[in-house]
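Asker: Sharing a sequence plus its predicted fold:
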Amino acid sequence: MDTSKFLITGANGQLGLALRAKYPDAKTTDQTQMDITDSNAVSTFDWSNVTTILNAAAYTDVDGAETPEGRVAAWKINAQGPSNLAKIARERDILLIHLSSDYVFDGTQSPHLESEAPSPLSSYGASKAAGDMIVGVIPKYCLIRASWIIGEGKNFVRTMLELGKQGVAPTVVHDQIGRLTFTSELVNAIDHLLKTNAAYGTYNVSNEGDPCSWADITRTIFKEANYDLFVTNATTAEYFAGKNGVAVRPLNSVLDLSKIKSTGFNSRNWHDDLKQYIKKELGK
Ligand SMILES: NC(=O)c1ccc[n+]([C@@H]2O[C@H](COP(=O)([O-])OP(=O)(O)OC[C@H]3O[C@@H](n4cnc5c(N)ncnc54)[C@H](OP(=O)(O)O)[C@@H]3O)[C@@H](O)[C@H]2O)c1
């Protein structure tokens, strides 16, 4: 596996940064170097030495995608962008690794299998589902479906640590259930699929461990960080009551991990990665 022939697009996001750490000799582009929504920029890029595209570029502002401008941006970046990459991947016989989300589902099934039909509730979810469909028609692709990603960037764990530091006792939703996916583990899973020449197709990836709610995760974060603060449960409906422009989120985000396990990859428990992550954050 010649990782110098990998191209990481959207290389400054949470996943992009973790991929760069995993593959330091890979080529990288950010939005200024290659805007994936610009078909001309994609088609004129020098692809001669690229065997694998790791597409970490995305529009991830879930509530922002509910605004008129955000909806357009989400569809451009999450559907048009992958379409441009899929076209070039097919023309050049390149493997395209693309990321999908639990938000392509309405959360009524549990756990989510790779074969579940999309049923997005939000504009973001719909734009991601469109990207999934486009990528899924090329010969060489891996669609990695993750949930609740935590890495280097703006994320839930960092927000809660910040609130804890300020002594804020938060109210957190307790009816959305899922598992965290640390980018460290996500890139291990991608690396495993690449190294083992796993069959092309869709793979669910998250950390292992008991599924739980954002409120329960917050309690774990506060316990690990030694913040003695009470976390109040709220239903999603209560939490968002009276707030406009909030995307509807799936209540169940748990991904079934049997398929990736059957390839020999067993992901770490999210508790262990959360502990490690908090230790690092507090040590900064
Ligand atoms: N975050 C989650 O909880 C979550 C959960 C499940 C699945 N996912 C999926 O996992 C993937 C990685 O997510 P993430 O959390 O790493 O996202 P992220 O931190 O928001 O990073 C996305 C990156 O894409 C870049 N980008 C945006 N528009 C672009 C364009 N037109 N051309 C090139 N780059 C562009 C952004 O650059 P700028 O910062 O300059 O805009 C940013 O660096 C995405 O496909 C996401 O949908 C995320």
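Answerer: Received it, and whenever you're ready, just let me know what you need.

Asker: What parts of the stretch 1-150 of the chain come near the ligand?
Answerer: Selection of the stretch 1-150 of the chain residues close to the ligand by C-beta under 6 Å from any ligand atom yields 9-10, 12-16, 31, 35-37, 56-60, 77, 81, 99, 101, 128, 146-149. Where you see a C-beta, it was placed from the backbone N, CA and C, and this is true even at glycine.

Asker: what's the host helix or strand of Thr220 packed up against?
Answerer: Assigned by DSSP states H and E, Thr220 belongs to helix 214-225. Other helices and strands packing on helix 214-225, by 3 or more C-beta pairs under 8 Å, 6 or more residues apart in numbering; DSSP states H and E, are helix 156-165, strand 171-173, strand 232-234, helix 270-282.

Asker: Turn those into a markdown table, columns for mean neighbour count, distance to Ala65 and mean pLDDT.
Answerer: Converted to a markdown table, the helices and strands packed on helix 214-225 look like this (neighbours: other C-beta atoms under 10 Å; distance: least, C-beta to C-beta, whole Å; pLDDT from 0 to 100):
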| stretch | mean neighbour count | distance to Ala65 | mean pLDDT |
| --- | --- | --- | --- |
| helix 156-165 | 18 | 18 | 97 |
| strand 171-173 | 18 | 19 | 96 |
| strand 232-234 | 16 | 23 | 97 |
| helix 270-282 | 17 | 26 | 97 |
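
Asker: just so I know, which of the ones you listed lies nearest the ligand?
Answerer: helix 156-165 (7.9 Å; C-beta to the nearest ligand atom).

Asker: What's the nearest residue in this structure when you look at the ligand?
Answerer: Gly13 (2.0 Å).

Asker: Hmm, Ala58 and that residue touching each other?
Answerer: Yes: judged on C-beta atoms under 8 Å, Gly13 makes contact with Ala58 at a distance of 7.1 Å.

Asker: Which one of those two is surrounded by more residues?
Answerer: Ala58 (26 against 23; other C-beta atoms under 10 Å).

Asker: ok, that one to Gly131 distance?
Answerer: Remark: distance between Ala58 and Gly131 (C-beta to C-beta, to the nearest Å) = 8 Å.

Asker: who touches both of the two?
Answerer: 78, 81 (C-beta atoms under 8 Å, 6 or more residues apart in numbering).

Asker: if we can go back for a sec, just the ones in helices from the residues of the stretch 1-150 of the chain next to the ligand, please.
Answerer: 14-16, 81, 128 (DSSP state H).

Asker: The residue of the chain positioned farthest from its centre is in what secondary structure piece?
Answerer: Most distant residue from the mean C-alpha position of the chain: Asp228, 30.3 Å away (C-alpha atoms, centre = their mean). Using DSSP H and E, no element contains Asp228; it sits outside every helix and strand.

Asker: Backbone dihedrals for it, both of them.
Answerer: Torsion angles at Asp228 (phi, psi; degrees, to the nearest 10) stand at phi -90, psi 80.

Asker: contacting residues for it?
Answerer: Applying C-beta under 8 Å, 6+ apart, the residues near Asp228 are Phe222.

Asker: same check, this time on Ala146
Answerer: By C-beta under 8 Å, 6+ apart, the residues touching Ala146 are 99-102, 181, 186, 204-206, 255.

Asker: Just give the nearest non-adjacent residue to it, would you?
Answerer: Thr181 (4.4 Å; C-beta to C-beta, 6 or more residues apart in numbering).

Asker: What of Asn233?
Answerer: His174 (3.9 Å).

Asker: Angles on the backbone of Cys142, please.
Answerer: Per degrees, to the nearest 10, the backbone of Cys142 is at phi -130, psi 120.

Asker: Just the pLDDT for the closest residue in space to it that isn't next to it in sequence.
Answerer: In this structure, Cys142 finds its nearest non-sequential neighbour in Ile97, 4.9 Å apart by C-beta to C-beta, 6+ apart. For Ile97, the model assigns a pLDDT of 98.
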